[in-house]
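In: Requesting a structural model of the entry that follows:
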Amino acid sequence: MRLKMCSIHVKDPAAAHVFYTETLGFETLMAMPEYNLFIIKDPGADNSSSPGLLLEPSDNPIASNYMNALHESGLAAITFGVPDVQTEYERLLAAGVTFQCEPSEDPSGVSAVFDDGCGNFVQLHQD
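Out: I've put the predicted structure just below:
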């Protein structure tokens, strides 16, 4: 058994697709704009073995309430691993991404949280 796909609810899947691919650097696994369907994957990952991340519309009231409650609480909806949080923080900050605060270290490691502009906070965690 392996992880095949997971999802993150977003306000606008097409806008999220642009942000997640052009700003964050993920690659498109599947894009069907006519169905509002966008799935991304890790950069350089093999399509057959890499899990996809569905940028799921938050048009379901339950999903929308959950997404909004997480955001209002300042909690990250998803965590992405990076080799160096400080370097990624500086790159994304220069690209106009808004962070909650500068990277910090605690017993779990180094991390930073940013707003994806699509309804979610995203945590970067150092691998």
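In: mind listing the strands for the chain?
Out: 5-10, 27-32, 37-41, 52-57, 76-82, 98-99, 104-106, 109-115, 121-126 (DSSP state E).
In: Just send the ones you listed back as TSV, with mean pLDDT too.
Out: Converted to TSV, the strands of the chain look like this (pLDDT from 0 to 100):
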stretch	mean pLDDT
strand 5-10	95
strand 27-32	95
strand 37-41	96
strand 52-57	95
strand 76-82	97
strand 98-99	98
strand 104-106	96
strand 109-115	98
strand 121-126	98
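In: For L92, find the nearest of the ones you listed.
Out: The minimum distance between L92 and those falls on strand 109-115, with 6.3 Å, by C-beta to C-beta. C-beta coordinates here come from the backbone N, C-alpha and C atoms, glycine included.
In: What are the buried residues along that closest one?
Out: By neighbour count on 16 or more other C-beta atoms under 10 Å, the buried set for strand 109-115 is V110, S111, A112, V113, F114.
In: distance of the nearest residue to the first one once chain neighbours are set aside from E56?
Out: Translated: V110. Leaving out its chain neighbours, the residue that sits closest to V110 by C-beta to C-beta, 6 or more residues apart in numbering is Q126, at 4.1 Å. For Q126, the distance to E56 equals 27 Å [C-beta to C-beta, to the nearest Å].
In: For stretch 4-11, which outside residues touch it?
Out: Stretch 4-11 is contacted from outside by 16, 39, 51-58, 63-64, 66-67, 77-78, 116, 118-120, using C-beta atoms under 8 Å, 6 or more residues apart in numbering.
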